[in-house]
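Undergrad: sharing a model prediction with you, sequence too.
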Amino acid sequence: QKLCSERFIKIAQGFLMAPLLAITILAVENYRATDYYRYESYLNAYEFYHYYIGTKYAREVGYGEMYAASLIADNETGKVWNHKSGTIRELSTMRQVNYKEFLDNAEKYKKKFTPERWEEFKKDIRYFKSKDILVQYRWDGVLKDKGYNGTPIWSMIVGGLLSNHVSTDNKAGMMFLALLDPLLILLTFFVVIWAFGPRTAFLMIILLGTHYMMKWWHMKGAYLRTDWAMCMVMAVCCIKKERFGIAGALTGYAMLSRIFPAVMLFGIGAKGFWHLIELSQMEARALYERLEIGKRPRKARML
């Protein structure tokens, strides 16, 4: 009877796995079909510009001068930018400033580059402003956005390992960078299978493929927008398999990439806090007994 019931459970599980697999495939197609190729290209150049330039030229433009330097490079390579407002965003103050102010002070921004880096920067700006990559109104809009928001550590790692080694004239390389997110999701899928089994992995793909936040174009064809999230998922898998060192490293990377994964430490922090309270009580009790405070006069005990 026990063997029959176990066999029935396995058959039922297999029967239920089939529709789950079908829904997973539909979720993958929904993810691919929703907002990909919006501008007839897989590579999301609008988002890519911010994260590629922001990491590659972090030392030269930082967080406040990326748009100004881009406008100057655009001007030196045959000016394309022509927004009707005549203004771009000054990222250090978030104000809209007349573009001529930046062109009049071009040397102030250019002196932060070496001559070789400035030529490289102009080549990259020429790539992003080309009509095959960003049409006119989108290039106009880029320099009025809100800038680059990666953390300094993320800039150092991604810029050092990837952006500075993949040139914009390398089409295959740029496509590889754009494919890093789906490749990371695929890797995480297999890690979840390893830790929790295929059912949980299918449910993860269904969540990603149908989630409201994953619908939008700025999350697709971009440059490592999901690395922190996938690292957190893989960290949980490593905890399940008692690979605590790897889990800690993945969590640390996620927190250094985007600060909000730190919320995942709330549970561990709360547990650590109560352990600290218990330890303090034990130490206080031991000290009380060791000093025989209970046997002393009242004034001495209070002191």
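TA: Thanks, I have the structure now.
Undergrad: make it CA atoms for all contacts and neighbour counts henceforth
TA: Will do.
Undergrad: measure how buried residue 204 is and give me the count.
TA: Close neighbours of residue 204, defined as other Cα atoms under 10 Å, add up to 17.
Undergrad: buried sites along the one helix or strand residue 278 maps to?
TA: When elements are assigned from DSSP states H and E, residue 278 belongs to helix 266-290. By 16 or more other Cα atoms under 10 Å, helix 266-290 has no buried positions at all.
Undergrad: please apply the same query to stretch 179-195.
TA: By neighbour count, with 16+ other Cα under 10 Å as the criterion, the buried positions of stretch 179-195 are 179, 180, 181, 184, 185, 188, 189, 191, 192, 195.
Undergrad: so which residues make contact with it?
TA: Outside stretch 179-195, the residues within contact range by Cα atoms under 8 Å, 6 or more residues apart in numbering are 198-202, 204-205, 220-227, 230, 233-234, 237-238, 240-241.
Undergrad: and that stretch, how far from the chain's centre?
TA: 15 Å (Cα atoms, centre = their mean, to the nearest Å).
Undergrad: what mean pLDDT would you report for it?
TA: Per-residue confidence for stretch 179-195 averages out to 96 on the pLDDT scale.
Undergrad: burial of the residue lying closest to residue 248 once chain neighbours are set aside, as a residue count?
TA: Once flanking residues are discounted, residue 248 sits nearest to residue 235: 7.1 Å by Cα to Cα, 6 or more residues apart in numbering. Using other Cα under 10 Å, residue 235 has 25 neighbouring residues.
Undergrad: my guess is residue 235 contacts residue 241. True?
TA: No. With contacts counted by Cα atoms under 8 Å, residue 235 stays clear of residue 241, the gap being 9.8 Å.
Undergrad: sorry, back to before: from the contacts of stretch 179-195, list just the buried residues.
TA: 198, 201-202, 204-205, 220-227, 230, 233-234, 237-238.
Undergrad: among these, name the ones in helices.
TA: Taking DSSP state H as the definition of helices, the buried ones among the contacts of stretch 179-195 contribute 198, 201, 202, 204, 205, 227, 230, 233, 234, 237, 238.
Undergrad: now compare those residues and name the two farthest from each other.
TA: Of all pairs drawn from these, the widest gap by Cα to Cα lies between 198 and 227 and measures 21.5 Å.
Undergrad: tell me the buried residues in stretch 88-98?
TA: Residues of stretch 88-98 classed as buried: 88, 89, 90, 91, 97 (neighbour count, 16+ other Cα under 10 Å).
Undergrad: for it, list the C-alpha coordinates in CSV.
TA: Extracted C-alpha coordinates of stretch 88-98, given in CSV (Å, rounded to 0.1, in the frame of the first residue of the first chain):
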residue,chain,number,x,y,z
ILE,A,88,20.6,69.6,-20.9
ARG,A,89,20.6,68.4,-17.3
GLU,A,90,23.5,69.5,-15.1
LEU,A,91,23.8,66.3,-13.1
SER,A,92,25.6,67.9,-10.1
THR,A,93,22.6,70.1,-9.4
MET,A,94,19.9,68.4,-11.5
ARG,A,95,19.0,71.8,-13.1
GLN,A,96,18.3,72.2,-16.8
VAL,A,97,21.1,74.4,-18.1
ASN,A,98,21.5,76.0,-21.5
